[in-house]
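Engineer: got a structure for you, letters missing:
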């Protein structure tokens, strides 16, 4: 869980909010793909971070199990996308990320 400090405004946010591209978010969608903040709570599988660490969120989502991810190419995951486009984004006070 991250306490959001800043969220950048990116062209993807414009496309999501204006619905001018093929990205069609659900109503009440929260944009924001570029996120920085402070770690507030650590999940059970997290080994390299501690509460209070300052972080920049990797904005890609990925499943970790498709053939592309298994080759280590998470950035082009068959089932992935961008935080703030296919998931709610960083224009919030707190965000949970994988």
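Structural biologist: Received the coordinates, thanks. For clarity, every value in this text was computed on a predicted model and none was experimentally measured.
Engineer: these two touch, right, residue 81 and residue 74?
Structural biologist: No - contact between residue 81 and residue 74 fails when scored by Cβ atoms under 8 Å: they sit 11.7 Å apart. (Glycine included, C-beta is placed from N, CA and C.)
Engineer: mutual contacts of the two, please.
Structural biologist: Common neighbours of residue 81 and residue 74, using Cβ atoms under 8 Å, 6 or more residues apart in numbering, are residue 60.
Engineer: tell me where this protein has strands.
Structural biologist: Taking DSSP state E, the strands of the chain run over residues 2-8, 34-39, 54-56, 60-61, 81-82, 94-95.
Engineer: okay, these in JSON lines with mean neighbour count and mean pLDDT next?
Structural biologist: Putting the strands of the chain into JSON lines (neighbours: other Cβ atoms under 10 Å; pLDDT from 0 to 100) gives the following:
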{"stretch": "strand 2-8", "mean neighbour count": "16", "mean pLDDT": "96"}
{"stretch": "strand 34-39", "mean neighbour count": "18", "mean pLDDT": "97"}
{"stretch": "strand 54-56", "mean neighbour count": "12", "mean pLDDT": "97"}
{"stretch": "strand 60-61", "mean neighbour count": "16", "mean pLDDT": "91"}
{"stretch": "strand 81-82", "mean neighbour count": "17", "mean pLDDT": "88"}
{"stretch": "strand 94-95", "mean neighbour count": "17", "mean pLDDT": "96"}
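Engineer: quick one, which of these is nearest to residue 88?
Structural biologist: strand 94-95 (7.9 Å; Cβ to Cβ).
Engineer: what sits up against that closest one?
Structural biologist: 1, 2, 3, 4, 35, 37, 40, 57, 88, 89.
Engineer: between the residues you listed, which is nearest residue 97?
Structural biologist: residue 57 (5.5 Å).
Engineer: for this protein, what helix or strand is lowest in average pLDDT?
Structural biologist: helix 11-18 (a mean of 81; mean pLDDT, DSSP states H and E).
Engineer: check which residues of stretch 83-97 are buried.
Structural biologist: Within stretch 83-97, the residues that qualify as buried by neighbour count (16 or more other Cβ atoms under 10 Å) are 83, 84, 85, 87, 88, 89, 90, 95, 97.
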